[in-house]
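Undergrad: coordinates only, no sequence provided:
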């Protein structure tokens, strides 16, 4: 995705942007802007490309910021249709240089810049650029957020919840948000029952972030929201608590109805294969048997302790099932674990312990062995043999 998006910021995009600006401002220097915005673009990474184009905008738009913003706003295309982002692809990112320009040049004109982001977010989310204004003037920005939380456009409402996330990906951290999480929750209260899944999903992501910094506030907020909750609100809270549940937070599980200590046994555990090479997969299966005299509501996850390069291990949780297990009943469960090399995780040889987490309580389930990538070693061995033959 990042590579595709990086390629999107191309000389072709620059020419299209220049055409849009010239259409509303006949004096806009198309050739000079296109030359400056395209120079060296192919050597830059994703966000640097947007900043580079924004720098060319600053050079060639009117030097007076209010006039420059007026030109940008008049050049905007149609608003996003519908209340979802599915299917729109990367096209909205066309406006990312506009937002970078506003974030970098507009702090001396906060009211105007907020209005500009209000308009642009109907076409491309201003969730990252708005954070500079929260940091600079939280009172004025939050006053705008309170108005926008009741806006008719769902993309504007989503900006309120997405722009105030404490750990928004690819965005600057805002110390004021970390220090004033209650102010964020006040905004989320206005959006928790939003009619669109777009906004409710964003609210859930915001609360999920909140739990990484202010766990108790997250739990209090979710507990309050669950009182007489609609199915939609219940789904929002479940999504909001997903990371807490994955971490084995028993209070989060209790809120969702999975807080009781389970009376279960793990039986007939199987690993296929028992030894797996890096790059392969291992199937883990087991039977969960109830030892209770009454039905149980259970949240079941699989925890694999991946060996790290330093020889230590770190757990990774894989979601399995939410189920009602009858008294003395049993159910068979299974999962497939990838040992592929990823940018975020490179498997290492060694013994990988496995646990079954039931309502947050870890139950041992054995282990499997990860061996070196046989194919890779075969290739290296062949290369060494070939080199030796050439030397001889």
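TA: Right, received. Where do you want to start? Remember, predicted model here, so these are calculated numbers, not experimental data.

Undergrad: is the spatially closest residue to residue 230 that is not a sequence neighbour in a helix, a strand, or coil?
TA: Once flanking residues are discounted, residue 230 sits nearest to residue 193: 7.1 Å by C-beta to C-beta, 6 or more residues apart in numbering. Where C-beta positions appear, they are placed from N, C-alpha and C, glycine not excepted. At residue 193 the chain is in coil, as set by DSSP: H, G, I helix; E, B strand; the rest coil.

Undergrad: and residue 193, its phi and psi?
TA: Reported as degrees, to the nearest 10, the phi and psi values for residue 193 are phi -110, psi 30.

Undergrad: residues contacting residue 134?
TA: The contact partners of residue 134, by C-beta atoms under 8 Å, 6 or more residues apart in numbering, come to 141-142, 163-164, 174, 176-177.

Undergrad: right, and the residue nearest to residue 230 touches residue 234 too?
TA: No - applying C-beta atoms under 8 Å as the test, residue 193 and residue 234 come out as separate, 11.5 Å apart.

Undergrad: what residues are shared contacts of those two?
TA: By C-beta under 8 Å, 6+ apart, no residue touches both residue 193 and residue 234.

Undergrad: widest-spaced pair of the contacts of residue 134?
TA: Comparing every pair within the contacts of residue 134 by C-beta to C-beta identifies 163 and 176 as the most remote, at 12.6 Å.

Undergrad: the more surrounded of these two?
TA: Comparing residue 163 with residue 176 by other C-beta atoms under 10 Å, the one with more neighbours is residue 163, at 28 against 15.

Undergrad: now do the contacts for the more buried one.
TA: Counting by C-beta under 8 Å, 6+ apart, residue 163 touches 126-128, 130-131, 134, 145.

Undergrad: now do residue 156
TA: The contact partners of residue 156, by C-beta under 8 Å, 6+ apart, come to 118, 121-122, 148.

Undergrad: between those, which has the most around it?
TA: Within the contacts of residue 156, neighbour counts (other C-beta under 10 Å) peak at residue 121, which reaches 29 neighbours.

Undergrad: what's near enough to touch that one?
TA: So residue 121 contacts 127, 155-156, 158-159 (C-beta under 8 Å, 6+ apart).

Undergrad: distance of the closest residue to it other than its chain neighbours from residue 230?
TA: On the basis of C-beta to C-beta, 6+ apart, the spatially nearest residue to residue 121 that is not a chain neighbour turns out to be residue 159, at 4.7 Å. Separation of residue 159 from residue 230 (C-beta to C-beta, to the nearest Å) stands at 24 Å.

Undergrad: cool, residue 201 as well?
TA: Distance of residue 201 to residue 230, computed by C-beta to C-beta: 15 Å.

Undergrad: so for the two, which residue has more residues nearby?
TA: Between residue 201 and residue 230, residue 201 has the larger neighbour count (other C-beta under 10 Å), namely 20 against 10.

Undergrad: ramachandran coordinates for that one?
TA: Torsion angles at residue 201 (phi, psi; degrees, to the nearest 10) stand at phi -60, psi -40.

Undergrad: quick one: residues contacting it.
TA: By C-beta under 8 Å, 6+ apart, the residues touching residue 201 are 236, 239.

Undergrad: with the one 3 residues further on instead?
TA: The neighbours of residue 204, taking C-beta under 8 Å, 6+ apart as the test, are 236-237, 239-240.

Undergrad: run the last query once more with 10 Å
TA: By C-beta atoms under 10 Å, 6 or more residues apart in numbering, residue 204 lies in contact with 161, 188, 192, 197, 222, 235-242.

Undergrad: element containing it, please.
TA: Assessed by DSSP states H and E, residue 204 sits inside helix 197-213.

Undergrad: what do you get for residue 345?
TA: Residue 345 belongs to no helix or strand, assigned by DSSP H and E.

Undergrad: quick revisit: can you tell me which of the contacts of residue 156 lies nearest to residue 315?
TA: Residue 315 lies nearest to residue 121 out of those, by C-beta to C-beta, at 38.3 Å.

Undergrad: how about the closest one, phi and psi?
TA: Phi and psi for residue 121, reported as degrees, to the nearest 10, are phi -70, psi -10.

Undergrad: the residue nearest to residue 230 reaches residue 231, doesn't it?
TA: No - if you go by C-beta atoms under 10 Å, residue 193 and residue 231 don't touch, sitting 11.5 Å apart.
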